[in-house]
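>>> Can you look at this prediction? I've put the sequence above it.
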Amino acid sequence: MTDQLSLATVATTALPQVFGFLFGRLGEALDRRAESREEEEFRSALAEPPAPYVLHQDALTGDRVARLGFAERELDAYRHNPDLIRPADAHLLRTLSQVRDDLEAVYGQRFTFAGERRPGAGVRVVQRVDEVGANAVARGVKARHVSDRAAVDIEQTARTVRPGGELTGLDVGDTLG
């Protein structure tokens, strides 16, 4: 789970914007409503402009949808009573952190808010392979070089990697760092 203290660092001034952004994305992920104008105004809470939002349906597992649905019901009370949105509310910060973790998986990108000490938006790659055959390569990312500002999050799974096969998360052609 994302460090809820990370959200707490921005909470004193931007918690309502963080809440608005995450609640808007949560609603779309659960496909209950289209992206709202209200959420648009909260994008300014992000440290970097987000990539276009692309919902990865395969990431909407039964467990994740249940978790997000439960969180949406809990957060709805805050939406209707914005005075309840307080930085000292540990339950709210924990819930928002879990929602962000799930939304990052669902949208395939990081949501880093201005003032947080965590990697920026970067690139998230999820690769699931049943089998990597002999003399075959399954690679998450291949790059010529990596700058010090790069943020790459790679999740790979394979059921079987045959002898001579290769499962590689990141292949950098030049010096890393």
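In hand now; what should we look at?
>>> just the strands in the protein please.
Listed in chain order, the strands of the chain (DSSP state E) span 123-132, 137-143, 152-161, 166-172.
>>> Point out the one among those that comes closest to R117.
Proximity to R117 (Cβ to Cβ) singles out strand 152-161 among the strands of the chain, at 16.4 Å. Where C-beta positions appear, they are placed from N, C-alpha and C, glycine not excepted.
>>> now the strands of the chain as JSON lines including distance to D76 and mean pLDDT?
Listed next are the strands of the chain as JSON lines, based on distance: least, Cβ to Cβ, whole Å; pLDDT from 0 to 100:
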{"stretch": "strand 123-132", "distance to D76": "28", "mean pLDDT": "81"}
{"stretch": "strand 137-143", "distance to D76": "37", "mean pLDDT": "81"}
{"stretch": "strand 152-161", "distance to D76": "30", "mean pLDDT": "83"}
{"stretch": "strand 166-172", "distance to D76": "38", "mean pLDDT": "82"}
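>>> would you turn the ones you listed into CSV with mean neighbour count?
Output for the strands of the chain, formatted as CSV (neighbours: other Cβ atoms under 10 Å):
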stretch, mean neighbour count
strand 123-132, 14
strand 137-143, 15
strand 152-161, 13
strand 166-172, 14
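>>> With distance to F70 as added columns, please give those strands in JSON lines.
Below are those laid out as JSON lines (distance: least, Cβ to Cβ, whole Å):
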{"stretch": "strand 123-132", "distance to F70": "23"}
{"stretch": "strand 137-143", "distance to F70": "31"}
{"stretch": "strand 152-161", "distance to F70": "24"}
{"stretch": "strand 166-172", "distance to F70": "32"}
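>>> So for L75, which of the ones you listed sits nearest?
That would be strand 123-132 among those, by Cβ to Cβ, at 23.4 Å.
>>> May I have stretch 128-141 as PDB, with CA atoms only?
Presented in PDB, the C-alpha positions along stretch 128-141 are these (Å, rounded to 0.1, in the frame of the first residue of the first chain):
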ATOM      1  CA  ARG A 128       1.400 -11.300 -18.100                       C
ATOM      2  CA  VAL A 129       2.700 -14.200 -20.100                       C
ATOM      3  CA  ASP A 130       1.600 -17.800 -20.000                       C
ATOM      4  CA  GLU A 131       4.800 -19.100 -21.500                       C
ATOM      5  CA  VAL A 132       8.100 -17.800 -22.700                       C
ATOM      6  CA  GLY A 133       9.400 -20.300 -25.200                       C
ATOM      7  CA  ALA A 134      13.000 -21.500 -25.700                       C
ATOM      8  CA  ASN A 135      15.100 -18.800 -27.300                       C
ATOM      9  CA  ALA A 136      12.300 -16.200 -26.800                       C
ATOM     10  CA  VAL A 137      12.400 -13.000 -24.900                       C
ATOM     11  CA  ALA A 138       9.500 -11.300 -23.100                       C
ATOM     12  CA  ARG A 139      10.700  -7.800 -22.200                       C
ATOM     13  CA  GLY A 140       8.700  -5.100 -20.300                       C
ATOM     14  CA  VAL A 141      10.800  -2.100 -21.400                       C
END
